[in-house]
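[1] predicted structure and sequence below. I'll ask about it afterward.
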Amino acid sequence: MPRPVIRPLLLGLAALGISAALYSRAQAGGEHYFPPVQDKTTLAECGSCHLAYPAAMLPAASWKKMMANLDPHFGDNASLDPQTTAAITRYLVDHAGDTGGSAYGRKLLRGVAAGDAPQRITTLPKWVKEHREVPKSDWARKEVGTKANCAACHQDAERGYFEED
């Protein structure tokens with residue numbers, strides 16, 4: 001190989017290596033990474049009471065049903081004005097596990113029939129399987145409180161990483 005070709009080749013390989021290193025964090029969790037909510041309205045409204053769950057964790061039908069029934073929302077009245085509700089619904093549906101977020105969410109949605117609208121991430125077959133070895137005593141800890149409190153065990157949940165800590 002002529003010498004002038006080697007330098008660009010090495011630079012290209014170095015750039016590829018750097019790109020792979022930067023991208024590796026998303027791959028670290030593999031099926032445990034879900035892009036976090038980026039929409040400011042969704043983050044503000046949903047995140048004011050709980051972790052703003054990544055939209056890819058549920059199918060579009062789930063988000064539509066949930067957003068259409070915000071009173072009651074798991075025991076609370078989370079009603080919003082129609083314009084805000086429509087904007088959040090649009091964001092969640094566009095990034096749902098079976099639509100825009102499918103590259104990430106389809107693994108978590110294994111076992112969920114097309115058209116089903118589960119309302120709890122914690123009832124998804126894959127979620128149940130992944131958490132079956134968690135002792136009941138861990139769920140009962142005061143700082144955990146509920147199975148929906150992902151951040152109690154997954155320190156980077158807000159950034160979309162749900163691998164074991």
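    Great, that's in hand. Being a predicted model, the structure only gives us computed values, none of them experimental.

[2] surely Val112 is in contact with Pro59?
    Yes - counting by Cβ atoms under 8 Å, Val112 does reach Pro59; the two are 6.4 Å apart. All C-beta atoms are positioned from the backbone trio N, CA, C, and that covers glycine.

[3] what is in contact with these two at once?
    Taking Cβ atoms under 8 Å, 6 or more residues apart in numbering as the contact rule, the neighbours common to Val112 and Pro59 are Pro118.

[4] those two: which has the busier surroundings?
    More neighbours sit around Pro59 than around the other of Val112 and Pro59, counting by other Cβ atoms under 10 Å; the figures are 29 against 22.

[5] domain assignment for the protein?
    Listed domain ranges for the chain are 1-30, 33-159 (source: automatic domain parsing).

[6] contacts for stretch 130-145 next, please.
    For stretch 130-145, contacts defined as Cβ under 8 Å, 6+ apart pick out 122, 147, 152-153.

[7] nearest to Glu164, of those residues?
    Within those, the smallest distance to Glu164 is 8.2 Å, found for Cys153 (Cβ to Cβ).

[8] now the element after the least confident helix or strand in the chain by mean pLDDT, going C-ward?
    Between all helices and strands in the chain, the lowest mean by mean pLDDT, DSSP states H and E belongs to helix 3-28, at a mean of 53. Downstream of helix 3-28, the next assigned helix or strand under DSSP states H and E is helix 40-47.

[9] export the following helix or strand past that following helix as CSV, just CAs?
    Proceeding C-terminally, helix 40-47 gives way to helix 60-68 as the next helix or strand, assigned by DSSP H and E. In CSV, the C-alpha atoms belonging to helix 60-68 read as follows (Å, rounded to 0.1, in the frame of the first residue of the first chain):
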residue,chain,number,x,y,z
ALA,A,60,-48.6,3.5,21.4
ALA,A,61,-52.0,2.0,22.4
SER,A,62,-50.9,2.2,26.1
TRP,A,63,-49.9,5.9,25.9
LYS,A,64,-53.2,6.8,24.1
LYS,A,65,-55.3,5.0,26.7
MET,A,66,-53.3,6.4,29.6
MET,A,67,-53.4,10.0,28.3
ALA,A,68,-57.1,9.7,27.7
